[in-house]
Structure formats: structure tokens, C-alpha cells
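Colleague: Model the structure of this input:
(one chain, ligands or ions: 1)
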Amino acid sequence: MALIREPVKFDSDMLDAIAGFGTSSDYYAGMWESEALLHVRRHVREYYREAQRLKCAYCGNQVSSRSAVAAPIEHIVPKSEHPRFMFEPRNLCVVCADCNEYKSNKATTQSELVLAKKRVRYPTKTDAFRVVHPHYDTYEEHIFKSGRIYLPLTPKGSWTIYVCELNRFFIRFGRCDELISDIELVKMQEKFFSES
Ligand SMILES: [Zn+2]
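Modeller: Residues are numbered from 1 along each chain as shown. Sure thing, here's the model as predicted:
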């Protein structure tokens, strides 16, 4: 099952505020930070915190339940690349501050063909995406997480681990005690799965 079951909905007040910027083809990345959209951003953040039960969509670690900076709203297809999907409910989720930094504007879709600049409709098929999509994909089918170790189970898992640098703890600290203990954890889980 995907992490997010129901995408966010906007009330008429929010839709009015968004409509103040024109139609989706008029959107530009910078408008996201506009004061007039503050209540929209708050609503999106609160909604996905709840829907994801504070789980980061990419690494599974906890996002902040209070600080906005530590629960950034993620545009799965970057808003700098495709501003027209800025308010597409299925393009939104919350992530942790680190995943937000690492992923930044890195490619999430299969190719420019799939998401050509003039594309009007948001892709509804999971194969259009290179990353594990929190509205479409079952995380555990793509990534095996054990402690701080992330192992890819599919090309999508592999791409997500790469763009978010999910093994960042070990990229930073190398062969350390935590790595040894997390490897032990992997072995224990393997043993558990093979026996059950
Ligand atoms: Zn994360």
C-alpha cells in the first residue's frame, strides 16, 4: 500500500487564493512562497503530516510535528521544472529536511518525453516516475531499510536511494560502529524472514 491514501483537498478559499495567480500555465516557482498562499501551504503541510503519520516520504524517518522548516513540503516533480503541477495534490507530500536538501531539483520522472514541458496532465501511472512515489508505490517493495541502511530492491528504489542520498549516515561516517550494528540487524531480519 502507498504511504498516502488520499491526496490533499483545497477548500474554496484556498482555490480562490490559487486562482489569483491565473491558470496553471501562468504559475512560476517563486509564487509558492507568496504571502497570499500561506494558508494553502499550512494546510498542505498539516494534511500530509497527518496522512503520512509524520513519516518522511523518501527515508521513512520522522518529520517535525511543529517546525515548518523541519517538515518541508515536497514537490515530487520539482516546481522549478514544472510549475504547473505546484498545486497538484498527488505531486505533494512532506519530507524531512535532509531529504529535501539532497533531492532538491533532481529528476524524478522517467524522461523528458514522459514529462515534456508542455505536458498538461499529471502522470497517473507509477512507471512515469523514477522515484518511489508516496501516492502510488509501496515503499517496502522498492527499498529494504534496516536501521540506517537502505538497500534497493528495484531500479526505482535504487534511484530514490541515490537522489536522496539515503545512506548519508555511512557516506559521512564510513565504516563505523553503527554500520556494524546495522549489518547485524540486517542479518537478524534475514534470519527472521527465512524462518517465518
Ligand atoms: Zn527523509
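Colleague: Show me the contact partners of the lowest-mean-pLDDT helix or strand in the chain.
Modeller: Of all helical and strand segments in the chain, the minimum by mean pLDDT, DSSP states H and E falls on helix 177-195, at a mean of 86. For helix 177-195, contacts defined as C-beta atoms under 8 Å, 6 or more residues apart in numbering pick out 146, 147, 148, 149, 151, 169, 170, 173. Bear in mind the C-beta positions are built from the backbone N, C-alpha and C, glycine included.
Colleague: List the buried residues of that helix.
Modeller: 179, 182 (16 or more other C-beta atoms under 10 Å).
Colleague: ok, now stretch 149-167?
Modeller: 149-150, 152, 156-167.
Colleague: element containing the residue nearest the centre of the chain?
Modeller: By C-alpha atoms, centre = their mean, the chain has its centre lying nearest to residue 57, at 4.4 Å. For residue 57, there is no helix or strand it lies in under DSSP states H and E.
Colleague: Just to check, it is in contact with residue 91?
Modeller: No - contact between residue 57 and residue 91 fails when scored by C-beta atoms under 8 Å: they sit 11.6 Å apart.
Colleague: what's the farthest-apart pair in the contacts of helix 177-195?
Modeller: Taking C-beta to C-beta, the two most distant members of those are 151 and 173; they sit 17.9 Å apart.
Colleague: how about stretch 23-43 as PDB, C-alpha atoms only?
Modeller: Only the C-alpha atoms of stretch 23-43 are listed here, as PDB (Å, rounded to 0.1, in the frame of the first residue of the first chain):
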ATOM      1  CA  THR A  23      -4.200  29.300 -14.600                       C
ATOM      2  CA  SER A  24      -1.700  26.600 -14.100                       C
ATOM      3  CA  SER A  25       0.200  27.700 -17.300                       C
ATOM      4  CA  ASP A  26       0.900  31.000 -15.600                       C
ATOM      5  CA  TYR A  27       2.400  29.600 -12.500                       C
ATOM      6  CA  TYR A  28       6.100  30.200 -11.700                       C
ATOM      7  CA  ALA A  29       8.200  28.500  -9.000                       C
ATOM      8  CA  GLY A  30       8.600  31.700  -6.900                       C
ATOM      9  CA  MET A  31       4.900  32.200  -6.300                       C
ATOM     10  CA  TRP A  32       4.900  29.200  -3.900                       C
ATOM     11  CA  GLU A  33       6.400  31.400  -1.200                       C
ATOM     12  CA  SER A  34       3.900  34.200  -1.700                       C
ATOM     13  CA  GLU A  35       2.200  35.600   1.400                       C
ATOM     14  CA  ALA A  36      -1.200  35.100  -0.200                       C
ATOM     15  CA  LEU A  37      -0.700  31.400  -0.200                       C
ATOM     16  CA  LEU A  38       0.400  31.000   3.400                       C
ATOM     17  CA  HIS A  39      -2.800  29.300   4.400                       C
ATOM     18  CA  VAL A  40      -2.500  26.900   1.500                       C
ATOM     19  CA  ARG A  41       1.000  25.900   2.500                       C
ATOM     20  CA  ARG A  42       0.000  25.400   6.100                       C
ATOM     21  CA  HIS A  43      -3.000  23.300   5.100                       C
END
